[in-house]
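>>> Any chance you could fold what I've pasted below:
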Amino acid sequence: MSNENILSIKNLNASFFTSAGEVQAVRDVSFEVKRGEILGIVGESGSGKSATMLSVMGLLGNSGKIKSGEIFFKGQDLSQNIKDLRGKNISMIFQDPMTSLNPVLTIGYQLKESLKHYKWQGDINARAIKMLERVGIVPAEKRIKQYPHEFSGGQRQRIMIAMSMMSEPELLIADEPTTALDVTVQAQILKLIKNLQTETGTSVILITHDLGVIAGYADRVLVMYGGKIMEEGTRREIFYNPAHPYTKGLLRSVPDPDKPRKRLIPIEGQPPNLLTPPKGCPYAERCPQALKECFEKIPVEKIFPDSETHKYFCWRECESC
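A predicted model of the protein is given here:
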């Protein structure tokens with residue numbers, strides 16, 4: 001992993017406009033992804049994880065809009081050329097492979113579609129067969145002619161990974177890649193993504209609500225809540241020295257294999273309504289240690305004195321939060 005930033009997001013704000021009003025899904029989010037690293041983004045459903053990455057890909061849809069902020073890929077402004085880079089330099093694995101694959105087209109056709117669009121120089125069919133073999137779909141020459149319904153859920157997810165890696169992207173976004181898969185298949189899929197990342201040097205953004213996945217695969221971690229980043233640090237910093245009360249709450253609600261009888265402590269309450277987001281810290285209503293300032297003002301960024309990589313947004317000092 002190098003220190004070069006392949007993706008930089010600065011003060012990103014994105015909303016969805018619905019019949020009920022404006023949903024402020026991403027609120028002033030800033031972070032970087034380094035070349036060759038796996039960045040894990042964790043948080044409850046509705047915390048803004050997927051919306052942030054859909055903003056990067058330019059896939060917010062008709063109801064979504066980036067209101068402000070900057071997104072740079074290798075120094076290029078993505079607002080100007082995302083269509084030229086999407087599917088070629090930046091790829092995304094979506095949550096549900098069955099709804100992402102066209103049921104009336106063979107997987108071979110769908111695998112080769114992006115390469116045809118970008119006028120790939122080489123044997124496209126051979127490339128598709130090679131990628132299927134690489135993700136464990138064999139015999140690839142036969143299976144490339146089959147349709148999505150002829151594959152299991154785990155195999156379809158492998159096909160999605162093969163599709164995302166067809167053009168050897170420099171950045172891969174994996175949005176809940178193990179959703180609806182059993183535990184054994186989950187481990188196989190995550191190991192496959194890790195192996196491909198190691199072999200190709202691709203940077204990976206791994207979106208999940210599963211802290212176990214983050215612990216096993218991420219180099220750095222972003223903790224999101226209410227459309228904002230609550231804490232950022234290396235995997236070790238987040239798991240062994242968490243600072244934000246929300247991060248601590250997430251960790252307390254996860255079973256500890258070394259203490260099987262330890263009582264889990266759930267986070268009380270509900271996430272904020274982003275139609276009318278709170279004035280201060282989005283976690284204040286659920287935080288048992290919230291101060292008056294937490295309800296009135298957005299917390300400022302704090303950096304640990306002995307670590308430039310560990311940041312958190314809280315009005316309390318980390319020793320007392």
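>>> any idea what sits nearest residue 33, other than its immediate chain neighbours?
Excluding its sequence neighbours, the residue lying closest to residue 33 (CB to CB, 6 or more residues apart in numbering) is residue 7, at 4.0 Å. Every residue, glycine included, has its C-beta placed from N, CA and C.
>>> Residue 157 too?
That would be residue 97: by CB to CB, 6+ apart, it lies 4.9 Å from residue 157.
>>> The residue nearest to the spatial centre of the chain bridge partners, please.
Geometric centre of the chain, nearest residue: residue 207, 2.6 Å, by CA atoms, centre = their mean. Listed by DSSP bridges, the beta-bridge partners for residue 207 are residue 41, residue 175.
>>> What's the separation between it and residue 95?
9 Å (CB to CB, to the nearest Å).
>>> Now for the two: what residues contact both?
Both residue 207 and residue 95 are contacted by 50, 175, 176, under the criterion CB atoms under 8 Å, 6 or more residues apart in numbering.
>>> Same list, the residues you listed, but as CSV with pLDDT and distance to residue 168 please.
Below are those laid out as CSV (pLDDT from 0 to 100; distance: CB to CB, whole Å):
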residue, pLDDT, distance to residue 168
50, 94, 24
175, 92, 20
176, 89, 23
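>>> Now a ChimeraX select for only the buried ones of those.
Here is the ChimeraX command that picks out the buried ones among those, judged by 16 or more other CB atoms under 10 Å:
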select :50,175,176
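>>> The residue nearest to residue 33 in helix, strand or coil?
Recorded secondary structure, residue 7: strand (DSSP: H, G, I helix; E, B strand; the rest coil).
>>> isn't there a helix covering residue 16?
No. According to three-state DSSP, residue 16 belongs to no helix; its state is strand.
>>> isn't it right up against residue 25?
Yes. Contact criterion CB atoms under 8 Å: residue 16 and residue 25 qualify, at 5.8 Å.
>>> What are the buried residues along the helix or strand of the chain with the lowest mean pLDDT?
Here the helix or strand of the chain ranked lowest by mean pLDDT, DSSP states H and E is helix 97-100, holding a mean of 76. Using 16+ other CB under 10 Å as the test for burial, helix 97-100 gives 97, 100.
>>> In terms of secondary structure, what does it contact?
Under the contact criterion of 3 or more CB pairs under 8 Å, 6 or more residues apart in numbering; DSSP states H and E, helix 97-100 touches helix 153-165.
>>> how many other residues sit next to residue 246?
28 (other CB atoms under 10 Å).
>>> so it makes contact with residue 287?
Yes. Contact criterion CB under 8 Å: residue 246 and residue 287 qualify, at 7.4 Å.
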